[in-house]
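Student: with the sequence up front, the predicted model follows.
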Amino acid sequence: MITQLTRATRPAAFCLSLLTLCFAQTALGCDPPATIREAAPEEIRAFFNGKGLQVLTFLGYSGAEYENKELMIEQTTRILQQFDPKKTIVNIGATPEGIGAVYEVAKRKGFTTSGIVSTQAKAANVTLSPCVDIVFYVSDATWGGFLPGTETLSPTSTAMVENSDVVIAIGGGEVARDELTAAKRAGTRVQFIPADMNHRIAREKAQKKGQPAPTDFRGAAATTALAAQPSFDCAKTDGAVEELICKDAELAALDRKLAEVYEAAMKRVAQEKYEDPRPFQHAWVKRRDDCAKAGDVRGCVNTEYRRRIAELQIQYGHLMAPSPVYYHCGPMTMTAVFYRETDPPAVVLTPIDPQEPGNQTIAFLSSAGSDAKYEGANVMFWEHHGEARLTWFGREMTCQVR
């Protein structure tokens, strides 16, 4: 998208004096836009609805450009191969710099192209891409993104997000970050691909402003997008639960955390004599996906992730095991190892008699206070000042610390 700080105006190859608009030198197979007009977000929405086509929007750097533009073009080329030109409009920010280079790629593949851009660009005589068919100027006091001090999108970004069926961001600055965030919240299918802005341009801009030379070139969109990105590809979700995770920053963070813990567990399996977690992980994924049937889907998914993370941390030695507490539970002696630092807190219950069903079970804190209650598969354990009640595979027992 266009930002006031990153947009670089360039000399025009020619100008249309009537409209006081300038265009970049005509690219191979491209002509200047056939339609250029000012429109409100609702008018733009009516236009796209009338076309009946899927709107594929690309976000990214504009004047900040790309450190590896060839790679960006390769990535977008592969993405465009997944869409039918007869059923899809490729939408960007109307200008040729940075992500705007995708216009020429799209036109060569037979796509209709559109651009949505702030009237700030028109006032500044910003160059338009010759490979965009339709340009909508949106009356806007800003260049896009969230309005200052709010999480309300500017008119330009509102039009961009509301009219997009799929949003692909390849790097990007603050405007791309805000539009990507809003698209995710709206439930739009989104994908973020990390990419550095052009290092030389970034250093030159900093020098002109008297600022220190930058060392991080990932762009503002990366800090938000990567923080909210799960471990799997949100462009290839499998089911309602994965779609939910892609739209929820907290669940996405839990998914990344689980991926890290699981990877560490797999390394332990390779290095030491630990049980392979893969069969249990496959079973857990099915259990997580079954949350789609729960009354509180998000709460169910959240709980499943937290418990699975704690299980792996305990089972694969990521945490130092506390000293066990021994309980007499009727005819059975039981050890309880309390892990207070996991989230949720957990207890590992192990009967001394190896013939007991279950042998070892992890139960998780379900209610805290003076009467702490832990629940697991076929197990409930209530602890209160050294005494406890235990439900163990259908049997109820009273336990005393030995």
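Tutor: Great, that's in hand. Numbering: from 1, shown residues only.
Student: when you work out contacts or count neighbours from here on, use the C-alpha atoms and nothing else.
Tutor: Noted.
Student: for stretch 74-89, the distance to its chain's centre please.
Tutor: Relative to the centre of its chain, stretch 74-89 is centred 21 Å away, using C-alpha atoms, centre = their mean, to the nearest Å.
Student: I'd like the numbering to begin with 48 instead of 1 from here.
Tutor: Noted, 48 is the first residue going forward, which turns the last one into stretch 121-136.
Student: whichever strand or helix holds residue 237 packs against which elements?
Tutor: Using DSSP states H and E, the secondary-structure element containing residue 237 is strand 236-240. When contacts are defined as 3 or more C-alpha pairs under 8 Å, 6 or more residues apart in numbering; DSSP states H and E, strand 236-240 packs onto strand 213-217, helix 221-232.
Student: in that strand, what's buried?
Tutor: 236, 237, 238, 239, 240 (16 or more other C-alpha atoms under 10 Å).
Student: closest to residue 251 among these?
Tutor: Sorting the buried residues of strand 236-240 by distance to residue 251 puts residue 240 at the head of the list, at 24.9 Å, by C-alpha to C-alpha.
Student: how much space between the residue of the chain positioned farthest from its centre and residue 437?
Tutor: Here the chain has its C-alpha centre computed as a mean, and the residue farthest from that point, by C-alpha atoms, centre = their mean, is residue 378 with 51.9 Å. Applying C-alpha to C-alpha, to the nearest Å, the value for residue 378 to residue 437 is 12 Å.
Student: low pLDDT regions in the stretch 198-347 of the chain?
Tutor: Filtered on pLDDT under 70, the stretch 198-347 of the chain yields the residue ranges 272-275.
Student: that older thread, how about the helices and strands packed on strand 236-240 in JSON lines, adding distance to residue 202 and mean neighbour count?
Tutor: Conversion of the helices and strands packed on strand 236-240 to JSON lines gives the following (distance: least, C-alpha to C-alpha, whole Å; neighbours: other C-alpha atoms under 10 Å):
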{"stretch": "strand 213-217", "distance to residue 202": "18", "mean neighbour count": "22"}
{"stretch": "helix 221-232", "distance to residue 202": "11", "mean neighbour count": "23"}
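Student: with distance to residue 147 added, can I get these in TSV?
Tutor: Supplementary listing: the helices and strands packed on strand 236-240 in TSV, determined by distance: least, C-alpha to C-alpha, whole Å:
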stretch	distance to residue 147
strand 213-217	11
helix 221-232	13
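Student: hang on, the earlier thing: what strands line up against the strand holding residue 237, and which way round?
Tutor: Strand 236-240 has the following strand partners under DSSP bridges: strand 213-217 (parallel).
Student: what lies in contact with the strand it pairs with?
Tutor: Contacts of strand 213-217 with the rest of the structure, by C-alpha atoms under 8 Å, 6 or more residues apart in numbering, involve 101-108, 119, 146, 223, 227, 230, 235-242.
Student: would you agree residue 122 falls within a helix?
Tutor: Yes: under DSSP: H, G, I helix; E, B strand; the rest coil, residue 122 sits within a helix.
Student: can you give me the strands for the stretch 348-449 of the chain?
Tutor: With DSSP state E, counting those that start in this stretch, the ranges of strands along the stretch 348-449 of the chain come out as 372-376, 379-386, 393-398, 408-414, 419-423, 426-431, 434-439, 442-448.
Student: ranking these by burial, who's on top?
Tutor: By mean neighbour count, with neighbours taken as mean count of other C-alpha atoms under 10 Å, strand 393-398 ranks first of the strands of the stretch 348-449 of the chain at a mean of 22.
Student: which strands or helices does it pack on?
Tutor: Using 3+ C-alpha pairs under 8 Å, 6+ apart, the elements in contact with strand 393-398 are strand 379-386, strand 408-414.
Student: CA atoms only: put the shortest one into CSV for me.
Tutor: By that I understand strand 408-414. C-alpha atoms of strand 408-414 as CSV (Å, rounded to 0.1, in the frame of the first residue of the first chain):
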residue,chain,number,x,y,z
THR,A,408,-2.1,-40.3,34.5
ILE,A,409,-1.8,-36.5,34.2
ALA,A,410,-4.6,-34.5,35.6
PHE,A,411,-5.1,-30.7,35.2
LEU,A,412,-6.2,-28.1,37.7
SER,A,413,-9.9,-27.3,37.0
SER,A,414,-10.7,-25.3,40.1
